[in-house]
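Enquirer: Need a 3D model of the sequence below.
(one chain, ligands or ions: 1)
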Amino acid sequence: MNMQLLESILTAYGATSREGCVRGVIAAALEGHVDSMTTDVMGNLIAVKKGSGEGKRIMLSSHMDHIGLMVMDAQENGYLRVCNVGGIRPANMIAEHVAFENGAKGVVGADEGVKDGLEIRHLYIDVGAESREEALAIAPIGEIAVMAPRMAKLGAHRLASPAMDDRIACFIQAQVMLDLPKEIQNDVVAVFSVQEEVGLRGAAAAAFSMQPDMGIALDVTGVGDVPGHEQHVPMALGKGAAVKIMDRSLICTPSVVSLLLDTAKEKEIPVQREVLPYGGTDAGAIQKTGCGVPSGVISIPCRYIHSAAETVDLRDVQAAHDLLLAVVGK
Ligand SMILES: [Zn+2]
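Expert: Here you go, the predicted structure:
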C-alpha cells in the first residue's frame, strides 16, 4: 500500500466546494497513467481508462469533499460564528483544532451553559483575534474550516484521520486506476466527486455527462462494533469490505450487489453484507440518472464517522481495493 499517497490524500485541505487541493494531489498521482483526465464545471475530477469496447462503461465515484464550518459573522470580541456545511455533529467539534483553506488555524468552543441541547449556532471558532475586523481579516465570511488534517496509526492495522470520509475511498479508487491491467474490456470512468456531503451534487452532474452502464460508489459506512451501539448494524472493522444492500439514498441494484458478492467469493476477498439505516452515497445520485443506472457501493467500515477520529482497518481497505479491481479490471 502506497502510504505516502494515502497520507497526502488524507491530509490535503478539502472542504465541501473547496476540493482543489485534493484534486491536485490525485491528478498528480494519476498523470500519465490514464487515457484522459478532466475537471468538469462542478469541479469533479474525471479520469478515464479506455477499454477494448467489448465491455461496459463503468462509473466509479468517491468524494473528495470534507464536512466543515462556514464563517457567517464575527463578534466584536473576535469570535467567529459559523454554520455547518454537511453533517456536522456539534458535540464532535468542541475543543477541535480546525484549519482554513488559506492556512489560518483556529480552535472551536461552545457558548457556556449549553451542554444539553447543543446546536451548531452555539459553536464559535477562536482564531486568536481580538476584534471583529481582525477575525474577518483572518477568515472572511464564507470561508470554511475543517477539522485540522492529520493521520495516526492505531495498533497493527488501523488508521485514524478526520477526513477518512471519503479520502480513504479516493485513495482506493486512485490506486485501482494505477493497478488496472493494460488491456481491459471495460471503459473505467473514475469520478473524484465534489459536494457529496451536501446532497450528492457532484456525482449527479458527472453521471449525467458520463452516461455509464453501471455505477459503483466507494464510501465509508457505519459500524456496530463500538461500546453501547444500539443501531444493530452488522458491520465491523477488520471483517472485510462491505457490499451495500441499502442506505437512505438508494436500494442497490440486485444485479450489481450479486456481481460484487460473486466476485468476492470467486477471488476469496473478505466481504460483509451492509444494511445502513442512515446515510447516503454518490450511488444514490448515479442510480437515478437518465433512464436509471444499475448501481452499487463498496464500503469501507469506519468508526466515529463525522468526527476527527474516523478510523478504518487497512485490511478492509485492501479488500475494497482488491474487489473493485477484480470487478472493473476485465
Ligand atoms: Zn462519505
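
Enquirer: For this structure, what lies in contact range of the ion?
Expert: With Cβ under 5 Å from the ion as the criterion, the chain meets the ion at residues 165-166, 219. Heads up, the C-betas are built off the backbone N, CA and C, glycines and all.

Enquirer: from these, which ones fall inside helices?
Expert: Using DSSP state H to define helices, the subset of those located there is 165-166.

Enquirer: which of the residues of the chain next to the ion lies closest to residue 44?
Expert: For these, the residue nearest residue 44 by Cβ to Cβ is residue 166; the value is 13.3 Å.

Enquirer: Would it be right to say that residue 208 lies in a strand?
Expert: No. Using DSSP: H, G, I helix; E, B strand; the rest coil, the assignment for residue 208 is helix, not a strand.

Enquirer: Give me the nearest residue to it, chain neighbours excluded.
Expert: Closest residue to residue 208 apart from its sequence neighbours, by Cβ to Cβ, 6 or more residues apart in numbering: residue 289 at 5.6 Å.

Enquirer: helix or strand right after the lowest-mean-pLDDT helix or strand in the chain?
Expert: One helix or strand of the chain scores below all others by mean pLDDT, DSSP states H and E: helix 90-93, with a mean of 95. Once the chain leaves helix 90-93, the next helix or strand it forms, by DSSP states H and E, is strand 97-99.

Enquirer: who does that next one touch, helix- and strand-wise?
Expert: Applying 3 or more Cβ pairs under 8 Å, 6 or more residues apart in numbering; DSSP states H and E, one finds that strand 97-99 contacts strand 105-110, strand 144-147.

Enquirer: So which of those is the most surrounded?
Expert: strand 144-147 (a mean of 26; mean count of other Cβ atoms under 10 Å).

Enquirer: How far off centre is that one?
Expert: Chain-centre distance of strand 144-147: 15 Å, with Cα atoms, centre = their mean, to the nearest Å.

Enquirer: Remind me what the least confident helix or strand of the chain packs against, helices and strands.
Expert: Secondary elements touching helix 90-93 (3+ Cβ pairs under 8 Å, 6+ apart): strand 105-110.

Enquirer: and the strand it packs on, what does it pack onto?
Expert: Partner elements for strand 105-110 (3+ Cβ pairs under 8 Å, 6+ apart): helix 90-93, strand 97-99, strand 123-126.

Enquirer: hang on, the earlier thing: report the buried residues of the least confident helix or strand of the chain.
Expert: By 16 or more other Cβ atoms under 10 Å, the buried positions in helix 90-93 come out as 90, 92-93.

Enquirer: that older thread, can you lay out the helices and strands packed on strand 105-110 as JSON lines showing distance to residue 302?
Expert: Formatted as JSON lines, those follow (distance: least, Cβ to Cβ, whole Å):
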{"stretch": "helix 90-93", "distance to residue 302": "14"}
{"stretch": "strand 97-99", "distance to residue 302": "21"}
{"stretch": "strand 123-126", "distance to residue 302": "23"}
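
Enquirer: Tell me which of those lies nearest to residue 46.
Expert: strand 97-99 (27.4 Å).

Enquirer: what does that closest one contact?
Expert: For strand 97-99, the surrounding residues in contact (Cβ atoms under 8 Å, 6 or more residues apart in numbering) are 13, 68-69, 105-108, 125, 145-149.

Enquirer: likewise stretch 141-152?
Expert: 6-7, 10-18, 66-73, 82, 85, 93, 96-102, 105-106, 125, 139, 159-163, 307-308.

Enquirer: Just the buried residues from those, in ChimeraX please.
Expert: Buried residues within the contacts of stretch 141-152, by 16+ other Cβ under 10 Å, are selected in ChimeraX with:
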select :6,7,10,11,12,13,14,15,16,17,18,66,67,68,69,70,71,82,85,93,96,98,99,100,101,106,125,139,159,160,161,162,163,307,308
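
Enquirer: I'd like to know which of the contacts of stretch 141-152 are part of helices.
Expert: Going by DSSP H, the helices hold 6-7, 10, 93 from those.

Enquirer: Tell me the one of the residues you listed nearest the ion?
Expert: residue 10 (13.5 Å; Cβ to the ion).

Enquirer: Now do the phi/psi pair for residue 324.
Expert: Reported as degrees, to the nearest 10, the phi and psi values for residue 324 are phi -60, psi -40.

Enquirer: give me every residue that touches it.
Expert: Neighbour list for residue 324: 60, 172-173, 176, 216, 218, 298 [criterion: Cβ under 8 Å, 6+ apart].

Enquirer: ok, 7 Å please
Expert: 172, 176, 216, 218, 298 (Cβ atoms under 7 Å, 6 or more residues apart in numbering).

Enquirer: And the pLDDT for the closest residue to the fourth one other than its chain neighbours?
Expert: If I follow you right, that is residue 218. Distance criterion Cβ to Cβ, 6+ apart; nearest residue to residue 218, sequence neighbours excluded, is residue 169 at 3.7 Å. Turning to residue 169, the model gives it a pLDDT of 98.
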